[in-house]
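Novice: Give me coordinates for this.
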Amino acid sequence: MIKRSFALSVAAFSLLISTGCANGFGGYGAPKQIIIDTRGVNMDDYYGDLADCEDYARQIDVKSETTQGVVEGAVVGAVIGAVAGNHNTAQRGAGAGAIVGGLKGNKQARLEQERIVRRCLSGRGYNVLN
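Specialist: Numbering: from 1, shown residues only. This is a model prediction of the structure:
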């Protein structure tokens, strides 16, 4: 019974992470605002280029990366917990690993999105300041 409730908890957490805060651009957890040197820049052109670059960045599937992090974290946490103790320790390790892994996967995917936007804008001739 404990194993089943634990599995349901991990599944519920995975779903929560992957749908609630893993949207990347345009949703919760959106990247920081990109700052450029605006001297001599046509802002209408810039906003069009920014939208194009953000579309490229959306190709990074934040939900998938977050879910993958949850699964990998749960496996690693369970193994460490099993080595360090018994099945209860393995369950707790899996839960903690799922949380840490999900957060790590989400953060890495969002950072990659930010890097894509910055590189894209730089490639289009903008002087990205941050």
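
Novice: And the average pLDDT for the helix or strand harbouring Arg92 is what?
Specialist: Here Arg92, judged by DSSP states H and E, is contained in helix 87-123. Mean per-residue pLDDT for helix 87-123: 92.

Novice: got the contact list for the residue nearest to Val117 when sequence neighbours are not counted?
Specialist: Nearest residue to Val117 in three dimensions, chain neighbours excluded: Cys53, at 4.7 Å (Cβ to Cβ, 6 or more residues apart in numbering). (Glycine included, C-beta is placed from N, CA and C.) With contact taken as Cβ atoms under 8 Å, 6 or more residues apart in numbering, Cys53 is in contact with 116-117, 120-121, 124.

Novice: Can you tell me which of these is closest to His87?
Specialist: The shortest gap between His87 and any of the contacts of Cys53 belongs to Ile116, at 42.4 Å (Cβ to Cβ).

Novice: Please point out which parts of the helix holding Arg92 sit buried.
Specialist: 89-106, 109-110, 112-114, 116-118, 120-121 (16 or more other Cβ atoms under 10 Å).

Novice: helices or strands up against it?
Specialist: helix 2-20, helix 43-57, helix 62-84 (3 or more Cβ pairs under 8 Å, 6 or more residues apart in numbering; DSSP states H and E).

Novice: starting at the chain centroid, how far to the longest one?
Specialist: How far helix 62-84 lies from its chain's middle: 15 Å, per Cα atoms, centre = their mean, to the nearest Å.

Novice: I'd like the average pLDDT over that helix.
Specialist: 90.

Novice: Alpha carbons only: can I get it in CSV?
Specialist: Extracted in CSV, the C-alpha atoms of helix 62-84 (Å, rounded to 0.1, in the frame of the first residue of the first chain):
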residue,chain,number,x,y,z
VAL,A,62,10.6,22.4,-21.2
LYS,A,63,7.8,20.0,-20.1
SER,A,64,9.7,17.0,-21.5
GLU,A,65,13.0,18.0,-20.0
THR,A,66,11.3,18.6,-16.6
THR,A,67,9.6,15.2,-16.7
GLN,A,68,12.8,13.5,-17.7
GLY,A,69,14.5,15.2,-14.8
VAL,A,70,11.8,13.9,-12.4
VAL,A,71,12.3,10.4,-13.6
GLU,A,72,16.1,10.5,-13.5
GLY,A,73,16.1,12.1,-10.1
ALA,A,74,13.7,9.5,-8.7
VAL,A,75,15.8,6.6,-10.0
VAL,A,76,19.1,8.1,-8.7
GLY,A,77,17.4,9.0,-5.3
ALA,A,78,16.0,5.5,-5.0
VAL,A,79,19.3,3.9,-5.7
ILE,A,80,21.1,6.1,-3.2
GLY,A,81,18.4,5.5,-0.6
ALA,A,82,18.6,1.7,-1.2
VAL,A,83,22.3,1.7,-0.7
ALA,A,84,22.2,3.9,2.4
